[in-house]
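Trainee: give me coordinates for this.
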Amino acid sequence: MKKYIFILLAALTFVACNNDDNELIGPVAEIPADEVPDNIKTYFGNYIDGDYEARHKVGLDLEENTCYFINSMDEFSRLQEVMHFYPEINFMKYTLIMGSFRLHNLQYHFEKLEMTEYEDYYMLKVYFSSPENVPYPTAVKTFPYWGLYPRLQQKAIKATPLLMDGTVLSVVESE
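Mentor: Numbering: from 1, shown residues only. Predicted coordinates for the structure are as follows:
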């Protein structure tokens with residue numbers, strides 16, 4: 001009987017000591033669109049959700065596969081080389097997440113962000129839709145995204161592009 005208890009204790013100790021999983025804390029809700037200040041919606045509508053020319057005019061470097069976790073106006077202003085106008089964001093209250101993916105399908109359409117907090121990082125899922133059975137030209141397009149969240153603790157962030165059905169999209173790496 002002592003032999004079985006020893007084996008059981010040894011097994012439990014092994015399991016407890018080898019738990020490499022990062023502890024899930026839970027989902028992180030984005031600020032609802034109707035609660036995002038108008039100046040922020042206008043800015044991002046014009047320069048982030050807009051085309052390449054609009055983003056280029058303000059000097060935003062969103063032509064790579066990027067994801068920025070922004071908790072201060074200084075961090076936000078460093079992303080913009082040319083334009084000196086940025087919306088005033090209360091970073092004592094909010095965290096801004098913004099970035100982009102270079103993808104192979106010109107017809108993808110940004111749908112939503114879902115973020116989950118873990119002990120050591122955030123996992124950001126960026127969802128896109130695509131028309132079914134519609135041929136598309138083989139080309140690369142940059143798809144920017146952004147989200148405003150309640151003030152978050154600074155951690156690493158891992159962003160993944162997905163279709164609405166959960167299929168992971170492959171990104172085009174820069175040369």
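
Trainee: quick one, strands of the protein?
Mentor: Along the chain, counting by DSSP state E, strands occupy 24-28, 66-70, 94-105, 109-118, 121-129, 138-150, 156-163.

Trainee: single out the most deeply packed of the ones you listed.
Mentor: strand 94-105 (a mean of 21; mean count of other Cβ atoms under 10 Å). Where you see a C-beta, it was placed from the backbone N, CA and C, and this is true even at glycine.

Trainee: can I get the strands of the chain in CSV with distance to Pro37?
Mentor: Formatted as CSV, the strands of the chain follow (distance: least, Cβ to Cβ, whole Å):
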stretch, distance to Pro37
strand 24-28, 19
strand 66-70, 15
strand 94-105, 9
strand 109-118, 18
strand 121-129, 22
strand 138-150, 9
strand 156-163, 23
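
Trainee: got those strands as JSON lines, with mean pLDDT and distance to Leu169 columns?
Mentor: Below are the strands of the chain laid out as JSON lines (pLDDT from 0 to 100; distance: least, Cβ to Cβ, whole Å):
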{"stretch": "strand 24-28", "mean pLDDT": "94", "distance to Leu169": "21"}
{"stretch": "strand 66-70", "mean pLDDT": "89", "distance to Leu169": "14"}
{"stretch": "strand 94-105", "mean pLDDT": "88", "distance to Leu169": "6"}
{"stretch": "strand 109-118", "mean pLDDT": "93", "distance to Leu169": "12"}
{"stretch": "strand 121-129", "mean pLDDT": "94", "distance to Leu169": "7"}
{"stretch": "strand 138-150", "mean pLDDT": "86", "distance to Leu169": "10"}
{"stretch": "strand 156-163", "mean pLDDT": "93", "distance to Leu169": "4"}
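
Trainee: nearest to Val171 among the ones you listed would be which one?
Mentor: strand 94-105 (5.2 Å; Cβ to Cβ).

Trainee: pairing partners for the closest one, with directions?
Mentor: Partners of strand 94-105 in the sheet, by DSSP bridges, are strand 66-70 (antiparallel), strand 138-150 (antiparallel).

Trainee: then that strand to CSV, C-alphas only?
Mentor: The C-alpha atoms that make up strand 94-105 are tabulated as CSV, following Å, rounded to 0.1, in the frame of the first residue of the first chain:
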residue,chain,number,x,y,z
TYR,A,94,-7.3,53.5,-22.2
THR,A,95,-4.8,51.2,-24.0
LEU,A,96,-4.5,51.4,-27.8
ILE,A,97,-3.8,48.2,-29.8
MET,A,98,-2.9,48.8,-33.4
GLY,A,99,-1.1,46.9,-36.1
SER,A,100,-1.4,45.3,-39.5
PHE,A,101,-1.0,42.0,-41.4
ARG,A,102,0.3,41.5,-45.0
LEU,A,103,-2.0,39.0,-46.5
HIS,A,104,-2.4,37.3,-49.9
ASN,A,105,-6.1,38.0,-50.6
